[in-house]
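Engineer: 3D, please:
(one chain, ligands or ions: 1)
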Amino acid sequence: MRLPYRPPPTPVATGDTALEIRGLRVEFSEPGHASATPAVDGLDLTVRRGEIVALVGESGSGKTMTALSAIGLLPPGARVTGGRITLGEEDLATLPPKRMNRVRGHRLAMLFQQPKAMLDPTCTVGSQVAEPLRLHRGLSRRQARARVVELLRDVGIPEPERRASAYAHQLSGGMAQRVMIAAALAADPAMMIADEPTTALDATVQAQILRLLRHKQRESGMAVLLITHDLTIVTSIADRVAVMYAGRVVEEGSVREVFDAPEHPYTRALLKASLLQSEEGRLFSIPGSATQSRALDHGCRFQPRCPLSQNLGITGRCSGAEPPLHTCGGEHRCRCWASEHGTELRGEAVGV
Ligand SMILES: Nc1ncnc2c1ncn2[C@@H]1O[C@H](COP(=O)(O)OP(=O)(O)OP(=O)(O)O)[C@@H](O)[C@H]1O
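Structural biologist: As a prediction, the model looks like this:
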C-alpha cells in the first residue's frame, strides 16, 4: 500500500521549532449552550523551521479549525477553550486582536483555497502585495512598488510591471494564487499556513503552484503547515505528515515513515482510499462516520469504525481508554492500542 514518494529536492537544516501547538481545544457554542463535541480536541503538533508539515484527515476532522485557531480567524461561535499555540515567544491562542493583526502577515502568512476570493476586487494586485511591505517592513511607496515588481517576477508572473496594475478579476486562478504567494512572502514570514492552496486549480496549474511553494519555502527556510485532503500532494512536497481524526492527531512522522509503514488503521484506510482513487478511479470510503466518534468521551475515537480492534479481539481495551501517542521508531508516533501488537498489525488482521 504505497504512494509514490519523491524525496524533497534539497534537504535543509531543520531543528528550531517554528510553531508548537499543545493540547489545543476548539469548541463551538451557541449563546448559553456549551458545545458537546469539540471541533479540535487536545491536538499536539510541532512545525520546525525549514520544513513542510502536512495535516491530513477526512472532511470534518478539524484541520481547518486548527489552522484558523493559529491565525486567529475562527468563525463566529467558535473559540479556543484550551491549549497553547506558540510562535516564537508568543501564545497565539491568547494574543489580543491588535497584536494578532501585527503577527499576521508579518511573522505568520496565510494561503487559502480561493485566491481570487481572497484578493480585494477594488484594489490593484500591486497595492495588495505592497501592503505588508509598507505595514510591516516600513518601505516607502516608491520602494514598495519596486519590491512588488520583484516579488511578482519571482513567483513567475509575466510582465510584472503591467500585472501590478491589474485587478483580481483580470487574473486566472493560478495567477491569483501566485499573487497570494507573493503577498504572503512579502514580509519574509517565519511561518506559513496553507489551507488547501491548490484545490481550486486544475491539475497542471496545481503542480506548478506546489513546485513554486516548495521552491520558495526552501529558499527562505520558512516553516509551512499545509492542510490538505490530497495525499499525493503530501508525497510530492511535505517532509512530515500528521494524520488527524475526530479532532486530534492519531499518527505522525516523516512522510516516508507514515506512508511506507502506516501503523494506525485509520491512516491505512486513508491511504487505501487515495490509492484506489488515483490508480483505478474508484472511490473507497471508510465505513461508518466520524460523527459517532466525536460523541465518545473515552476510549479510542476510531474504535467504532475499526476492523482491527474487532479482528484482534481487543475491543474492550480500545473502548476502555484513550491510547497515548506512542513511538513506533524514529519520529514515527501512533495513537493505537493495536499497534503495540507490532507485526500483527501489518498482517491479514488489519482488514483495511
Ligand atoms: N460553523 C460551524 N458550526 C458548528 N460546528 C462547526 C462549524 N464548522 C465546523 N464545525 C465543526 O468542526 C469540525 C471540524 O471542522 P473543520 O472545518 O476544521 O474540518 P476539516 O477537517 O477542515 O474539514 P474539510 O476538509 O471539509 O475542510 C466539524 O466536524 C464540525 O463538527
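Engineer: ok, which stretches of the stretch 251-352 of the chain are helices?
Structural biologist: Per DSSP state H, counting those that start in this stretch, the stretch 251-352 of the chain carries helices over the ranges 255-260, 265-280, 290-294, 307-311, 315-320.
Engineer: Roughly how far does the closest residue to Ile157 other than its chain neighbours sit from the ligand?
Structural biologist: Distance criterion Cβ to Cβ, 6 or more residues apart in numbering; nearest residue to Ile157, sequence neighbours excluded, is Arg163 at 5.1 Å. C-beta: built from backbone N, CA, C; applies to glycine. Plainly put, Arg163 is 31 Å away from the ligand if you go by Cβ to the nearest ligand atom, to the nearest Å.
Engineer: who touches Arg163 in this structure?
Structural biologist: 125-126, 152, 157, 171, 175 (Cβ atoms under 8 Å, 6 or more residues apart in numbering).
Engineer: re earlier: between the helices of the stretch 251-352 of the chain, which gets nearest to the ligand?
Structural biologist: Distance to the ligand, taken as Cβ to the nearest ligand atom, is lowest for helix 290-294 among the helices of the stretch 251-352 of the chain, at 6.7 Å.
Engineer: And the residue of the stretch 151-300 of the chain that's closest to the ligand?
Structural biologist: His229 (5.3 Å).
Engineer: Please verify my assumption that that residue contacts Val243.
Structural biologist: No: shown here, His229 and Val243 do not form a contact pair, counting by Cβ atoms under 8 Å, at 11.3 Å.
Engineer: which neighbours do these two share?
Structural biologist: 56-57.
Engineer: which of those two has more neighbours?
Structural biologist: Val243 (27 against 18; other Cβ atoms under 10 Å).
Engineer: which non-adjacent residue is nearest the more buried one?
Structural biologist: Glu251 (4.4 Å).
Engineer: what sits against that neighbour?
Structural biologist: With Cβ under 8 Å, 6+ apart, Glu251 has these contacts: 242-243, 258, 262-264, 266-267, 332-336.
Engineer: go again using 10 Å as the cut-off
Structural biologist: 56, 241-245, 257-258, 262-268, 270, 325, 328, 332-336, 339 (Cβ atoms under 10 Å, 6 or more residues apart in numbering).
Engineer: Ok, Asp230 next?
Structural biologist: 54, 56, 196, 198-199, 206, 236, 274, 277-278.
Engineer: For ChimeraX, what selects the buried ones among those residues?
Structural biologist: Provided next is the ChimeraX selection string for whichever of these are buried by 16 or more other Cβ atoms under 10 Å:
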select :54,56,196,198,206,236,274
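Engineer: how about the residues of the stretch 1-150 of the chain near the ligand?
Structural biologist: 28, 39, 57, 59-65, 75, 77 (Cβ under 6 Å from any ligand atom).
Engineer: from those, which two are the most distant?
Structural biologist: Gly57 and Gly77 (21.7 Å; Cβ to Cβ).
Engineer: between those two, which one's more packed in?
Structural biologist: Gly57 (25 against 11).
Engineer: Find the residue closest to that one in space, skipping its chain neighbours.
Structural biologist: Nearest one to Gly57, counting by Cβ to Cβ, 6+ apart, is Met244 at 3.6 Å.
Engineer: so what's that neighbour up against?
Structural biologist: 40, 43, 45, 55-58, 61-63, 66, 227, 250-252, 266.
Engineer: so it bridges to which residues?
Structural biologist: Going by DSSP bridges, Met244 is paired in beta bridges with Val249.
Engineer: could you give the mean pLDDT of the helix or strand in which Glu20 is found?
Structural biologist: Using DSSP states H and E, Glu20 sits in strand 17-28. In this model, strand 17-28 has an average pLDDT of 95.
Engineer: Same question for stretch 85-103.
Structural biologist: 90.
Engineer: mind listing what's buried in it?
Structural biologist: 85-87, 92-93, 95, 100, 103.
Engineer: Also stretch 133-142?
Structural biologist: Buried-residue list, stretch 133-142, by 16+ other Cβ under 10 Å: 133-136, 139.
Engineer: Let me have those in JSON lines, extended by pLDDT and secondary structure.
Structural biologist: Supplementary listing: the buried residues of stretch 133-142 in JSON lines, determined by pLDDT from 0 to 100; DSSP: H, G, I helix; E, B strand; the rest coil:
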{"residue": "Leu133", "pLDDT": "88", "secondary structure": "helix"}
{"residue": "Arg134", "pLDDT": "87", "secondary structure": "helix"}
{"residue": "Leu135", "pLDDT": "81", "secondary structure": "helix"}
{"residue": "His136", "pLDDT": "79", "secondary structure": "helix"}
{"residue": "Leu139", "pLDDT": "88", "secondary structure": "coil"}
